[in-house]
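A.B. asks: test case, fold it:
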Amino acid sequence: MKNLEYDKENMVKAKNSFVILCIGSFFLSLSPAFSEINVEKAETGEEKKDVKETGEEVEEILVSAEKPVRKIPQMSQSATTITKETIEESTANSVMEVVKEKTPGVFATQNNITGFGFGRPGTGQLSMRGIGSSPNTQVLVMVNGRPDFMGLFGHPIADFYTLDNVEEIEVLRGPSSTLYGNAAMGGVVNITTKRRTTEGFESRITTAGGSYYTQDYMVQHGGKTGQFDYYLTGRYRDSENNRDDADFSAQNYSMRMGYDLDEHFRINFDNLTMSSRFTDPGPVTAPRKNNWYKVRVRDGTSFDVENNFEKTSGIVKLYGSYGEHLVFDGFSSQDQIIGGYFLQNFTIIEDNTFTIGADVKNYGGEARNQDTNADFGRHTIQEYAGFLTDEHIFWERLKLSAGLRLQNNSEFGDELLPQGGISFKVLPELELRSAVSTGYRSPTIAELYFPFPVISPGLDPETSVNYEFGVHHTPIKKLSYDLVYFYTMIDDTIVTLGQWPNFKRTNAGDSINRGVEVAADYQAIENRLSFWGNYSYINADKLTFATPEHKADIGIHWSYKKLKVSPSAEYIHKLYGADSHNNRLPDFFLMNAKFLYKITKYMDGFMNVDNITDKHYELVTEYPMPGITFFGGISCTF
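C.D. replies: Numbers count the residues shown, from 1 in each chain. I've put the predicted structure just below:
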């Protein structure tokens with residue numbers, strides 16, 4: 001196999017590029033326009049809370065220089081917003097980890113301390129209320145509103161989403177296809193990357209390391225001058241992980257730029273790029289050697305124009321992504337996505353907001369095996385959709401909302417996807433809400449045309465319908481909690497049956513998931529001491545893979561002078577390594593902690609300690625997670 005083995009010279013080049021980035025960031029920071037960094041407040045001066053658990057009509061926004069541009073309403077659907085401050089307090093090292101920790105009803109698989117990988121042994125797939133699949137084709141991941149997934153296999157690559165460039169993460173729990181289309185069967189994760197919002201420049205360089213020869217180097221630089229702002233990041237990671245032949249390394253780069261044309265229009269550009277390599281050590285009962293998987297390049301880009309007027313606002317976005325992937329057995333693929341959408345909101349009638357929009361995308365690619373000369377062909381799928389939503393507020397207490405999407409897939413035709421919601425403020429501090437939503441996921445190109453394990457051209461799309469009822473209550477100023485009951489019906493789930501060589505992929509029929517989610521936040525002493533927690537109970541009919549029946553996460557954030565301490569704990573009960581309640585994994589209770597100390601005005605030191613009690617546990621069958629691990633480093637800001 002030519003040019004498939006990992007080239008160590010690339011790692012040296014990657015490290016050199018980081019040195020150049022660091023030096024460049026330093027000199028940019030010495031610009032005369034340099035001003036004191038203020039990352040805690042936006043230009044409006046309003047502070048963000050740590051975690052906002054909102055089933056209420058909190059709307060997604062795109063931040064502009066002057067005022068927010070309103071996007072699509074959530075229509076009383078359960079949502080969690082994870083802020084930059086929350087991310088900094090967590091021991092999580094990736095988007096998937098922090099979403100799992102901070103969001104009830106959500107779980108993510110992992111088989112080592114660094115890196116998720118892709119393909120058959122890849123982890124990092126999200127399960128929301130028991131819906132996710134393996135690989136993750138039922139939860140949609142978006143970056144600044146750009147849908148992101150592999151064009152052939154239909155799932156995101158978890159290592160693409162690091163936390164060094166993240167400003168905020170919004171999680172919509174439950175089917176969301178009316179608003180976001182294909183693949184939003186279980187929910188949506190929308191990642192908003194960082195941008196500089198105040199005049200001046202900022203830079204940060206971080207060097208860190210820890211258990212199992214883990215190395216992590218990051219550089220971040222942002223600036224704003226007049227109407228133009230930008231933010232750049234670069235990161236290099238490398239680890240031997242906790243098992244033999246389980247190496248991981250990756251380079252991640254990001255860019256976000258914007259320009260305010262005037263008070264009404266703004267243009268934005270963003271880009272993410274990654275390359276990585278990981279080795280699958282195999283189950284402990286059948287270890288493997290040199291089973292490597294390589295992302296030669298993964299790139300995603302979007303360009304958009306926002307408009308913002310007194311009675312209307314909207315966005316036009318164009319986007320694309322591209323990926324090349326190689327596997328030790330000779331498999332290689334190239335995939336791409338090209339698409340765009342627009343939406344426009346109107347508030348012509350008082351207390352009424354009407355939204356209209358449309359989107360189109362073309363995705364696909366080609367694959368082959370260089371060792372066997374097998375050619376799996378080139379395939380593409382086109383999708384078109386139009387959607388509209390409307391919400392109206394009565395007497396400043398009652399809000400009714402409804403939406404409808406007409407989705408067309410070139411392989412499967414039309415699908416009508418409705419959604420509706422209602423919320424009522426019984427008291428200013430007490431709100432009741434209810435919603436019904438639908439989900440849709442068409443079979444991927446790999447499921448239809450690739451013999452992995454069998455070609456299956458007769459598959460039908462998967463669909464889901466979700467009913468939920470929620471309560472949001474703030475009994476006292478410092479305490480708030482959210483309680484949700486959900487009932488989800490899933491139809492035509494795609495499963496693989498049989499044993500080699502007689503595999504069969506088919507739509508298995510119906511299943512039902514129901515459960516309860518709770519999230520709470522208590523600010524005991526403002527900016528000094530806070531408590532948070534979430535719990536979920538999921539009674540899954542058949543879809544039990546990566547869906548713990550009971551999941552609880554709790555944590556504390558304590559700040560005193562120059563020291564910040566953030567301990568947390570997680571309890572998992574009845575976790576299964578397969579669907580239909582098969583292959584139950586041991587229950588476990590984990591304790592983690594993060595320590596941050598401000599050494600000087602411009603230098604911070606931090607230490608993460610995971611699995612403090614040295615607990616033995618597994619998130620994937622026969623892939624034991626490590627015992628107690630340490631990870632720490634220094635960040636310099638200038």
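
A.B. asks: quick check: closest non-adjacent residue to Leu376.
C.D. replies: Actually, residue 376 is Phe. It isn't Leu. Nearest-residue entry for Phe376: Ala367, 4.3 Å, with adjacent residues in sequence omitted and distances by C-beta to C-beta, 6 or more residues apart in numbering. Bear in mind the C-beta positions are built from the backbone N, C-alpha and C, glycine included.

A.B. asks: so which bits of the helix or strand encompassing that neighbour are buried?
C.D. replies: Here Ala367 sits within strand 352-369, counting by DSSP states H and E. Neighbour counts over strand 352-369 (16 or more other C-beta atoms under 10 Å) mark 353-355, 357, 359, 361-368 as buried.

A.B. asks: partners of that strand, with directions?
C.D. replies: Here strand 352-369 is paired, per DSSP bridges, with strand 331-346 (antiparallel), strand 374-394 (antiparallel).

A.B. asks: thinking again about what came up before, out of the buried residues of strand 352-369, who's nearest Met625?
C.D. replies: Ala367 (31.9 Å; C-beta to C-beta).

A.B. asks: next, Thr178: secondary structure please.
C.D. replies: helix (DSSP: H, G, I helix; E, B strand; the rest coil).

A.B. asks: so what pLDDT did the residue nearest to Phe376 get?
C.D. replies: pLDDT for Ala367: 97.

A.B. asks: please tell me how far it sits from Val327.
C.D. replies: Distance, Ala367 to Val327, by C-beta to C-beta, to the nearest Å: 10 Å.

A.B. asks: if the spatially most central residue of the chain is in a bridge, with which residues?
C.D. replies: Taking C-alpha atoms, centre = their mean, the centroid of the chain lies closest to Val189, which sits 4.4 Å from it. When bridges are called by DSSP bridges, Val189 pairs up with Val141, Val171.

A.B. asks: show the contacting residues for it.
C.D. replies: Val189 is in contact with 95, 99, 126, 139-142, 169-171, counting by C-beta atoms under 8 Å, 6 or more residues apart in numbering.

A.B. asks: ok, now with 7 Å
C.D. replies: Residues in contact with Val189 (C-beta atoms under 7 Å, 6 or more residues apart in numbering) are 99, 126, 139, 141-142, 169, 171.

A.B. asks: quick check, Val141 in contact with Asp148.
C.D. replies: Yes. Between Val141 and Asp148 there is a contact at 5.3 Å, judged by C-beta atoms under 7 Å.

A.B. asks: overlap of the contact sets of those two?
C.D. replies: With C-beta under 7 Å, 6+ apart as the test, Val141 and Asp148 both reach Pro156.

A.B. asks: so Val166 bridges to which residues?
C.D. replies: Thr193.

A.B. asks: residues in contact with it?
C.D. replies: 87, 95, 191, 193-194.

A.B. asks: now swap in Ser511 and tell me
C.D. replies: 490, 493, 541-543.

A.B. asks: then Pro121?
C.D. replies: Per C-beta under 7 Å, 6+ apart, neighbours of Pro121: Asp280.

A.B. asks: which SS state does it fall under?
C.D. replies: coil.

A.B. asks: phi first, then psi, for it.
C.D. replies: phi -90, psi 0 (degrees, to the nearest 10).

A.B. asks: what distance do you get for it to Val620?
C.D. replies: Taken as C-beta to C-beta, the span from Pro121 to Val620 is 9 Å.

A.B. asks: lowest-confidence helix or strand of the protein?
C.D. replies: Within the chain, no helix or strand scores below strand 61-62, which has a mean of 36 by mean pLDDT, DSSP states H and E.

A.B. asks: if you rank the contacts of Val166 by neighbours, which is first?
C.D. replies: Val95 (26 neighbours; other C-beta atoms under 10 Å).

A.B. asks: same list (the strands paired with strand 352-369) but as TSV, adding mean neighbour count.
C.D. replies: Output for these, formatted as TSV (neighbours: other C-beta atoms under 10 Å):
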stretch	mean neighbour count
strand 331-346	19
strand 374-394	17
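
A.B. asks: export these to CSV and tack on distance to Asp270 and mean pLDDT?
C.D. replies: Below are the strands paired with strand 352-369 laid out as CSV (distance: least, C-beta to C-beta, whole Å; pLDDT from 0 to 100):
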stretch, distance to Asp270, mean pLDDT
strand 331-346, 15, 96
strand 374-394, 22, 96
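
A.B. asks: which one, of those, ends up nearest to Asn242?
C.D. replies: Where the strands paired with strand 352-369 are weighed against each other on C-beta to C-beta, the nearest is strand 331-346, at 26.7 Å.

A.B. asks: that older thread, tell me who's in contact with the residue nearest to Phe376.
C.D. replies: With the criterion set at C-beta under 7 Å, 6+ apart, Ala367 makes contact with 152, 331-333, 376, 450.

A.B. asks: which one of those is nearest Leu232?
C.D. replies: Nearest member of the contacts of Ala367 to Leu232, counting by C-beta to C-beta, is Ser333, at 29.2 Å.

A.B. asks: nearest residue to that closest one other than its sequence neighbours?
C.D. replies: Ala367 (3.9 Å).

A.B. asks: separation between that neighbour and Ala540?
C.D. replies: For Ala367, the distance to Ala540 - C-beta to C-beta - is 33 Å.

A.B. asks: likewise for Thr301?
C.D. replies: Thr301 is 37 Å from Ala540, by C-beta to C-beta.

A.B. asks: how about Phe201?
C.D. replies: 50 Å.

A.B. asks: these two: which is more packed in?
C.D. replies: Each of Phe201 and Ala540 has its neighbours counted (other C-beta under 10 Å); Ala540 has more, 26 against 22.

A.B. asks: hang on, the earlier thing: neighbour-wise, which one of the contacts of Ser511 leads?
C.D. replies: Neighbour-wise, those (other C-beta under 10 Å) top out at Ile490, 29 neighbours.
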